[in-house]
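Participant: Sequence and computational prediction follow.
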Amino acid sequence: MNILPWSLLVILTPLLGSLIALFLRNAIGRVGAHTVTIAGVGISFISAVIIAWAIVTEHASVLDVNLYTWASGGDMFPYDFNIGLLVDPLTAMMMVVVTFVSLLVHVYSIGYMADDDGYQRFFSYISLFTFMMLMLVSANNFLQLFFGWEGVGLVSYLLIGFWYHKESALQGSLKAFLVNRVGDFGFVLGIGLVLANVGSLHYSTVFNNASLLTKETITLFAGYEWSLITVICLLLFVGAMGKSAQVPLHVWLPESMEGPTPISALIHAATMVTAGVFMVARFSPLFELSNTALSVVLVIGATGALFTGLLAIVMNDIKRVIAYSTLSQLGYMMVAMGVSAYSAGMFHLLTHACFKALLFLAAGSVIIGMHHEQDMRNMGGLWRKMPITYVTFLIGALALCAVPPFAGFYSKDTIIEAAKLSQILGSGYAYFCVAIGAMVTALYTFRALFMTFHGESRVSHHTARSLHESPWVVWLPLVILAIPSVCIGYMLYMPFLFARPTFLSQSLVVLPEHNVLQIMQHEVVSPWQTFLHAGSGPVFWLTGCGILISWLCYIVWPQLPAQISRWFNGLYYILINKYGFDTLNDWVFVRGIKGVGQVFYRVCDQIIIDGWFVNGSGRMVGWMARKSRRVQNGYLYHYITIMLFGVFGFLCWFILRA
């Protein structure tokens with residue numbers, strides 16, 4: 001089967017829908033805007049499913065084709081930059097995930113954005129967002145990857161700041177844009193090193209020559225030589241840290257909550273933040289050759305998995321709780337990459353996309369019912385009024401907490417077990433973080449569930465009178481997302497992780513000494529057996545403890561959390577201030593850069609340029625004019641005296657020269 005036409009349909013139909021909705025928005029109106037964009041993403045999703053089906057059932061060969069040459073350097077710069085496609089199992093999986101979640105978000109947005117003045121613009125943006133992500137995952141070279149990489153960054157800036165009349169939305173979009181530029185700077189340097197040392201940006205060429213890079217070194221500081229492959233991988237990972245919000249470049253992701261809720265779901269579930277995880281998996285042939293890079297990925301991912309999850313415990317905005325949950329789960333995915341369990345990381349990306357989109361859209365349904373109130377302290381007892389939203393949120397919560405047999409159980413527990421078995425430096429620390437993180441996840445997830453849907457109602461009297469279930473266009477995507485959140489882990493557990501070969505084996509490279517999934521393979525028989533043995537490990541009981549603590553604190557003794565915050569006031573202060581990252585950035589970078597700017601302004605601009613060169617040159621001319629004016633006094637004997645001195649000086653100079 002020729003999958004090229006289907007691949008072009010996957011990528012181009014969302015772009016076409018976006019352009020029509022934007023440039024013909026007045027002609028087609030609201031209905032036309034959502035119809036054309038949903039049709040475009042729908043066609044894209046169907047085409048992606050056809051491609052995935054052809055790869056799975058018909059064993060379609062990998063498509064790696066250059067469509068055209070974008071630029072050529074000629075004799076002076078012998079590099080060609082091509083636009084092409086690489087469609088393999090990894091790409092097919094990402095295509096299905098991106099288009100599936102995007103399609104449901106498009107449908108959901110009809111209800112959520114119904115009263116918004118920027119309705120057509122919104123649909124154009126989210127369709128363009130989908131196109132950029134598809135360009136990223138289908139690239140067969142670094143240049144096209146970077147195009148999609150920057151494209152999702154640009155559109156996320158537009159979407160986070162969609163309500164540009166709100167100052168917080170403008171600040172959030174700017175913060176996301178600037179933090180990602182920090183990561184992208186490292187990413188560009190990594191791509192530059194690849195081009196300089198390999199002479200090509202095509203994936204296959206770079207991967208085939210990767211072993212040669214291990215023999216090269218690079219001098220970053222005088223007297224210190226670094227492994228070239230390590231430096232390249234670390235620089236590329238800096239880019240992933242920005243896009244996938246890894247510590248310390250994580251600070252932008254909670255601010256993305258300032259955009260409309262459908263955008264939060266799309267960013268957190270299927271686009272943008274998954275780009276960094278995908279990139280590390282795609283570049284597994286490079287990362288496998290550097291244990292140092294793998295250790296850095298592992299430690300940073302583990303740190304984010306635990307410590308950003310702790311922040312969700314003290315958040316009261318329902319969307320921010322889920323946002324910090326995303327930071328934590330991205331850490332789990334990076335841990336999988338660091339221990340070379342790339343298939344497990346991508347499997348968790350897939351399951352996470354379903355239940356995280358479900359949680360965000362369910363939170364959006366609550367926000368609609370609460371008239372855009374997001375503080376959980378003003379909710380409670382909503383399950384009676386919004387039963388569909390409640391049940392779907394509960395399913396998403398169980399999947400997120402990795403309660404068996406929900407989807408997150410199979411992917412998340414595999415990552416934790418892989419960290420336990422790994423011999424990579426830092427794996428012990430990572431195992432501790434992800435195991436304790438399981439309890440933390442259960443604690444903050446069920447805290448949000450109990451505060452929102454259970455307990456005594458804290459809803460205002462005015463809101464309570466009009467509170468009801470959301471319209472079908474809102475709850476239907478929730479029901480659809482709830483289905484894979486329950487069963488997709490069970491269905492894909494063996495094909496993704498332990499089949500011979502696995503679904504992604506064509507796309508990933510794992511050295512034998514790093515292959516922890518192969519060690520686990522000897523103990524895994526079926527997903528049913530894994531489900532039956534779930535209680536034999538500590539993670540299951542840690543998760544149960546997290547749920548129990550949450551129930552005690554927010555249902556049995558609801559006054560207890562306030563008391564605990566007073567007992568541990570110092571820890572609470574650290575958490576509520578997000579470990580001081582925002583304060584540090586403000587003092588060091590914002591105020592620091594302003595301070596440096598003030599120094600340059602005062603010294604360089606005012607004193608040196610204005611004081612010395614501009615105004616100084618004027619004052620010098622004036623001084624010289626005043627002094628020379630005294631010579632021209634009109635007295636003849638003064639002129640004769642000066643002439644005699646001049647002649648005398650000339651004679652002295654002439655005699656000395658002789």
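Facilitator: Good, I have the coordinates. Here the structure is a predicted model, which means the values were calculated and not measured.
Participant: Look up how far Phe360 lies from Ile388.
Facilitator: Ile388 is 16 Å from Phe360, where distance means Cβ to Cβ, to the nearest Å. C-beta here means a position set from N, CA and C on the backbone, and glycine is covered the same way.
Participant: ok so Asn66 is a strand residue?
Facilitator: Yes. Counting by DSSP: H, G, I helix; E, B strand; the rest coil, Asn66 is found in a strand.
Participant: Tell me, how many residues neighbour the nearest residue to Asp317 once chain neighbours are set aside?
Facilitator: Nearest non-adjacent residue to Asp317, counting by Cβ to Cβ, 6 or more residues apart in numbering: Gln374, 4.9 Å away. For Gln374, the neighbour count with other Cβ atoms under 10 Å is 19.
Participant: Might one say that Gln374 is in contact with Ile368?
Facilitator: No. With contacts counted by Cβ atoms under 8 Å, Gln374 stays clear of Ile368, the gap being 11.1 Å.
Participant: residues shared between the contacts of the two?
Facilitator: By Cβ atoms under 8 Å, 6 or more residues apart in numbering, Gln374 and Ile368 have no common neighbours.
Participant: quick revisit: ok, Ile388 and Phe360, which is more surrounded?
Facilitator: Per other Cβ under 10 Å, whichever of Ile388 and Phe360 has more neighbours is Phe360, with 30 against 18.
Participant: Now do the contacts for that one.
Facilitator: So Phe360 contacts Thr261, Ser264, Ala265, His268, Ala269, Lys319, Ile322 (Cβ under 8 Å, 6+ apart).
Participant: same thing but 6 Å
Facilitator: Ser264, Ala265, Ile322 (Cβ atoms under 6 Å, 6 or more residues apart in numbering).
Participant: Just the element for the second one, please.
Facilitator: The reference is to Ala265. For Ala265, the element it lies in under DSSP states H and E is helix 261-269.
Participant: before we move on, what about Gly570?
Facilitator: Using DSSP H and E, Gly570 falls in helix 569-576.
Participant: Now do that helix: distance to the chain's middle.
Facilitator: Centroid separation for helix 569-576 versus its chain: 26 Å, with Cα atoms, centre = their mean, to the nearest Å.
Participant: Counting neighbours, which bits of that helix end up buried?
Facilitator: For helix 569-576, burial by neighbour count (16 or more other Cβ atoms under 10 Å) applies to Tyr572, Leu575.
Participant: Send over the following helix or strand past it as PDB, restricted to the C-alpha atoms.
Facilitator: Toward the C-terminal end, the helix or strand that comes next after helix 569-576 (DSSP H and E) is helix 581-584. Only the C-alpha atoms of helix 581-584 are listed here, as PDB (Å, rounded to 0.1, in the frame of the first residue of the first chain):
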ATOM      1  CA  PHE A 581      11.500  29.600  40.600                       C
ATOM      2  CA  ASP A 582       9.300  32.500  39.600                       C
ATOM      3  CA  THR A 583      11.000  34.700  42.300                       C
ATOM      4  CA  LEU A 584      14.400  33.600  41.100                       C
END
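Participant: immediately after helix 581-584, which helix or strand?
Facilitator: Later in the chain than helix 581-584, the nearest helix or strand by DSSP H and E is helix 592-599.
Participant: Which helix or strand lies directly C-terminal to that next one?
Facilitator: Helix 592-599 is succeeded, C-terminally, by helix 615-631 (DSSP H and E).
Participant: pLDDT of that following helix, averaged?
Facilitator: Helix 615-631 comes out with an average pLDDT of 80.
Participant: quick one on the thing from earlier: which elements pack onto the helix holding Ala265?
Facilitator: helix 89-112, helix 342-369 (3 or more Cβ pairs under 6 Å, 6 or more residues apart in numbering; DSSP states H and E).
Participant: Take these and write them to CSV, including mean pLDDT and distance to Gly239.
Facilitator: Converted to CSV, those look like this (pLDDT from 0 to 100; distance: least, Cβ to Cβ, whole Å):
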stretch, mean pLDDT, distance to Gly239
helix 89-112, 94, 17
helix 342-369, 93, 17
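Participant: for those, which one ends up most surrounded?
Facilitator: Ranked by mean neighbour count under mean count of other Cβ atoms under 10 Å, the helices and strands packed on helix 261-269 are led by helix 342-369, which reaches a mean of 28.
Participant: which other helices and strands contact the very next helix or strand once past that helix?
Facilitator: Next helix or strand after helix 342-369 toward the C-terminus (DSSP H and E): helix 387-400. Applying 3+ Cβ pairs under 6 Å, 6+ apart, one finds that helix 387-400 contacts helix 342-369, helix 407-421, helix 427-453, helix 472-493.
Participant: could you check the angle helix 569-576 makes with the particular helix or strand that has Gln563 in it?
Facilitator: Following DSSP H and E, one finds Gln563 within helix 560-567. Orientation of helix 560-567 against helix 569-576 (axes from the mean of the first three to the mean of the last three Cα atoms, to 10 degrees) gives an angle of 110 degrees.
Participant: what is the mean pLDDT for helix 560-567?
Facilitator: Rounded mean pLDDT across helix 560-567 is 89.
Participant: Return the set of buried residues in it.
Facilitator: So, applying 16+ other Cβ under 10 Å, buried residues of helix 560-567: Pro561.
Participant: where's it relative to the chain centroid, distance-wise?
Facilitator: So, by Cα atoms, centre = their mean, the centroid of helix 560-567 is 33 Å from its chain's centroid.
Participant: Please apply the same query to stretch 99-117.
Facilitator: On Cα atoms, centre = their mean, the centre of stretch 99-117 falls 21 Å from the chain's centre.
Participant: ok, residues contacting it?
Facilitator: Under Cβ under 6 Å, 6+ apart, the answer for stretch 99-117 is 34, 37-38, 41-42, 44-45, 48, 119, 122, 130, 262, 265-266, 269-270, 353, 357, 361, 364, 471, 473-474, 477.
Participant: gap between Val155 and His165?
Facilitator: As judged by Cβ to Cβ, Val155 and His165 stand 20 Å apart.
Participant: Compare neighbour counts for the two and give me the winner.
Facilitator: In terms of neighbours (other Cβ under 10 Å), Val155 is the more surrounded of Val155 and His165; the figures are 26 against 6.
Participant: hang on, that one packs against Thr130?
Facilitator: No. Using Cβ atoms under 6 Å as the test, Val155 is too far from Thr130 to be in contact (9.2 Å).
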